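> Predicted structure and sequence below. I'll ask about it afterward.
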Amino acid sequence: MKKITAFLLAAALMAAILLSGCAQQAAPTAAPPTEPPATATLPPTQAPVEPTKTEAPPPPTEEPTPDPTEEPLPIRLTDAAGREVVLEKLPERIVYIGRGVYMPLHAAYMFPEAKDRVAGIEKRGETASDFLSAIIDGFDQVPVLEANPGPEQVAALNPDLVIMKGLAPGQIDASLELLGIPTVYLGLETPEQYVVDIENLGIIFGNPERAKEIQAFYQEKLDRILEKTSTLAEDEKPTVLMVEYSDRGGEVASQVPPPGWMQTIHVQNGGGNPIWLPEVSNETGWNITNIEQITSWDPEKIIVIVWYTIDPVELLETLKADPLWAGLSAVKNDQLYAMPSDIYGWDTPDVRWILGTTWVAKTLHPDLFPDVDIRQEVFEFYSTLYGMDDATIENVILSAIRTGL
């Protein structure tokens with residue numbers, strides 16, 4: 001009976017303890033605040049949840065900026081012969097051949113890259129260039145080909161480009177291309193053609209900015225002239241004869257240029273009336289004339305183009321003393337001139353053509369160009385286009401000019 005009573009008492013005590021615990025858990029808690037506490041934390045048994053991040057959209061895909069030093073491939077240009085020329089890379093070994101080879105040479109050397117890329121030059125009567133020797137170190141060591149070289153002689157110099165002067169393909173082109181050697185023609189005959197040729201040289205040398213600088217120099221000088229001469233009335237333009245005088249082989253000869261040639265363009269752009277044009281029959285080459293024809297024209301002004309073996313000062317004195325020439329109006333009025341030249345004539349379609357046009361304009365219309373100093377024009381030309389210093393210009397260029405300054 002005592003065991004039963006003890007058991008019942010223990011059971012009653014256990015029940016009381018359990019009821020007490022339940023009552024504590026059921027006790028009401030304070031109402032939660034209307035705003036959650038700023039420092040509220042998650043229960044320790046729950047892992048923190050990272051807030052969801054909104055991914056920014058990727059930036060639009062942009063084309064990579066071209067590297068200005070990277071060589072665009074292939075290189076394409078249309079040359080003076082109207083051919084599309086494709087070069088796989090900028091040429092590093094260039095050979096210059098053909099008639100009038102000094103003209104593309106002089107044009108090329110206006111680019112600083114040219115001196116490191118000349119691999120050979122054809123030997124012509126006019127190739128011996130004290131001018132280039134004076135401004136290019138080592139020019140005299142450039143390999144020289146004999147006149148009219150065959151494709152094998154050209155290929156022996158291992159060129160990756162051959163440059164020639166011309167407006168139509170020549171016979172050597174096909175042979176060189178069979179050997180894998182591309183060719184480019186430069187026209188170099190008119191101011192308009194020079195714009196194209198200089199642009200193509202800029203492509204060939206990978207220096208289009210230099211090409212623009214050269215083009216701008218020529219254009220600025222030409223615009224200065226045309227701004228005044230293009231507004232002249234016909235009766236304000238003097239009749240002009242530009243005649244080449246030579247004594248090659250002991251034979252005296254005189255001839256006039258056809259329309260479209262640089263010599264004729266000099267007169268037209270310089271504000272003169274080329275008196276010989278209506279009677280020119282050969283439009284692709286020089287036209288032989290004589291003193292009888294010149295007398296019938298009797299121009300107001302005469303500009304003599306002197307063959308390089310003749311001293312222009314001596315020639316002018318000789319012509320003035322000649323009874324046939326002395327009777328011409330131009331000679332009587334002291335309007336007989338010799339076209340200037342330094343190492344090369346300013347009448348030719350060489351790079352010096354802008355000096356020629358400037359001199360003609362100044363000579364025909366000194367009242368329109370009182371501020372033009374031909375001597376200063378020479379300094380500006382050679383310093384801008386060839387980087388020559390004043391002393392070299394004085395000693396090499398100006399010292400060679402016999403008349404016209």
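Received the coordinates, thanks.

> and the longest strand anywhere in the chain, which residues are buried?
The strand spanning the most residues in the chain, taking DSSP state E as the definition, is strand 239-246. Within strand 239-246, the residues that qualify as buried are 239-246, counting by 16 or more other Cβ atoms under 10 Å. C-betas here are computed from N, CA, C, even on glycine.

> Ok, stretch 272-292 next?
272-276, 280, 286-287, 289.

> how about the residues you listed in TSV, adding secondary structure and distance to Ser254?
Shown next, in TSV, are the buried residues of stretch 272-292 (DSSP: H, G, I helix; E, B strand; the rest coil; distance: Cβ to Cβ, whole Å):
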residue	secondary structure	distance to Ser254
Gly272	coil	18
Asn273	strand	19
Pro274	strand	15
Ile275	coil	14
Trp276	coil	11
Val280	coil	14
Trp286	coil	10
Asn287	strand	10
Thr289	strand	5
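
> Widest-spaced pair of these?
Farthest-apart pair in these is Asn273 and Trp286; separation 19.8 Å (Cβ to Cβ).

> Could you export stretch 375-391 as CSV, CA atoms only?
The C-alpha trace of stretch 375-391 is given here as CSV (Å, rounded to 0.1, in the frame of the first residue of the first chain):
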residue,chain,number,x,y,z
ARG,A,375,63.9,83.6,-104.9
GLN,A,376,61.8,83.1,-101.8
GLU,A,377,59.5,80.7,-103.7
VAL,A,378,62.6,78.5,-104.4
PHE,A,379,63.5,78.4,-100.7
GLU,A,380,60.0,77.5,-99.7
PHE,A,381,59.6,74.8,-102.4
TYR,A,382,62.8,72.9,-101.5
SER,A,383,62.5,73.3,-97.8
THR,A,384,58.9,72.2,-97.6
LEU,A,385,59.0,69.3,-100.1
TYR,A,386,62.5,68.0,-99.5
GLY,A,387,63.5,69.3,-96.1
MET,A,388,66.6,71.1,-97.5
ASP,A,389,68.3,73.7,-95.4
ASP,A,390,68.9,77.2,-96.6
ALA,A,391,72.6,76.7,-97.1
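
> how distant is that stretch from the center of its chain?
Between the centre of stretch 375-391 and the centre of its host chain there is 18 Å, according to Cα atoms, centre = their mean, to the nearest Å.

> as a whole number, average confidence for that stretch?
Stretch 375-391 comes out with an average pLDDT of 97.

> what comes into contact with that stretch?
Contact partners of stretch 375-391, identified using Cβ atoms under 8 Å, 6 or more residues apart in numbering, comprise 109-110, 112, 134-135, 214, 217, 342, 351-352, 354-355, 358, 392-393, 396-398, 401, 405.

> In helices only, show me these.
134-135, 214, 217, 354-355, 358, 392 (DSSP state H).

> and those residues, which are buried?
For the ones in helices among the contacts of stretch 375-391, a neighbour count by 16+ other Cβ under 10 Å gives the buried set as 134-135, 214, 217, 354-355, 358.

> The buried residues of stretch 272-292 into a markdown table, with extra columns for pLDDT and distance to Leu157?
Below are these laid out as a markdown table (pLDDT from 0 to 100; distance: Cβ to Cβ, whole Å):
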| residue | pLDDT | distance to Leu157 |
| --- | --- | --- |
| Gly272 | 98 | 45 |
| Asn273 | 98 | 48 |
| Pro274 | 98 | 42 |
| Ile275 | 97 | 47 |
| Trp276 | 97 | 43 |
| Val280 | 89 | 41 |
| Trp286 | 94 | 33 |
| Asn287 | 96 | 38 |
| Thr289 | 95 | 42 |
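
> ok, so of these, who is nearest Ala168?
The shortest gap between Ala168 and any of these belongs to Trp286, at 19.0 Å (Cβ to Cβ).

> Show me where the stretch 1-150 of the chain dips below the pLDDT cut-off.
Residue ranges of the stretch 1-150 of the chain with pLDDT under 70: 1-72, 125-130.

> and with 90 instead?
1-73, 123-141 (pLDDT under 90).

> would Ala147 count as being in a helix?
No - the assignment for Ala147, made by DSSP: H, G, I helix; E, B strand; the rest coil, is coil rather than a helix.

> What separation do you get for it and Val313?
In this view, Ala147 and Val313 are 32 Å apart by Cβ to Cβ, to the nearest Å.

> Same question for Thr284.
Taking Cβ to Cβ, one finds Thr284 at 33 Å from Val313.

> Quick check: buried residues in stretch 398-405?
Neighbour-count burial for stretch 398-405 [16+ other Cβ under 10 Å]: 401-404.

> pLDDT averaged over it, what's the number?
The average pLDDT within stretch 398-405 is 93.

> Can I get it in CSV? Just the C-alpha atoms.
The C-alpha trace of stretch 398-405 is given here as CSV (Å, rounded to 0.1, in the frame of the first residue of the first chain):
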residue,chain,number,x,y,z
LEU,A,398,70.1,78.9,-106.5
SER,A,399,73.7,78.7,-107.7
ALA,A,400,72.5,76.7,-110.8
ILE,A,401,69.8,79.2,-111.8
ARG,A,402,71.2,81.5,-114.5
THR,A,403,68.2,83.7,-115.3
GLY,A,404,64.7,84.5,-114.0
LEU,A,405,65.3,85.5,-110.4
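
> can you pull the contacts of Gln215?
Gln215 neighbours (Cβ under 8 Å, 6+ apart): 195, 198-199.

> As JSON lines, the buried residues of stretch 398-405 with distance to Ile97 would be great.
Formatted as JSON lines, the buried residues of stretch 398-405 follow (distance: Cβ to Cβ, whole Å):
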{"residue": "Ile401", "distance to Ile97": "30"}
{"residue": "Arg402", "distance to Ile97": "31"}
{"residue": "Thr403", "distance to Ile97": "33"}
{"residue": "Gly404", "distance to Ile97": "32"}
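
> right, and the pair among the residues you listed with maximum separation?
Farthest pair in those, by Cβ to Cβ: Arg402 and Gly404, 8.1 Å.

> Give me the common contacts of these two.
With Cβ under 8 Å, 6+ apart, Arg402 and Gly404 have common neighbours 338, 340.

> picking up where we left off before, looking at the contacts of Gln215, which has the most residues close by?
Of all the contacts of Gln215, Ile198 has the most neighbours under the rule other Cβ atoms under 10 Å, reaching 24 neighbours.

> Buried residues, the helix or strand harbouring that one. List them.
When secondary structure is defined by DSSP states H and E, Ile198 falls within helix 191-204. Residues 191, 193-194, 196-204 are the ones in helix 191-204 that count as buried (16+ other Cβ under 10 Å).
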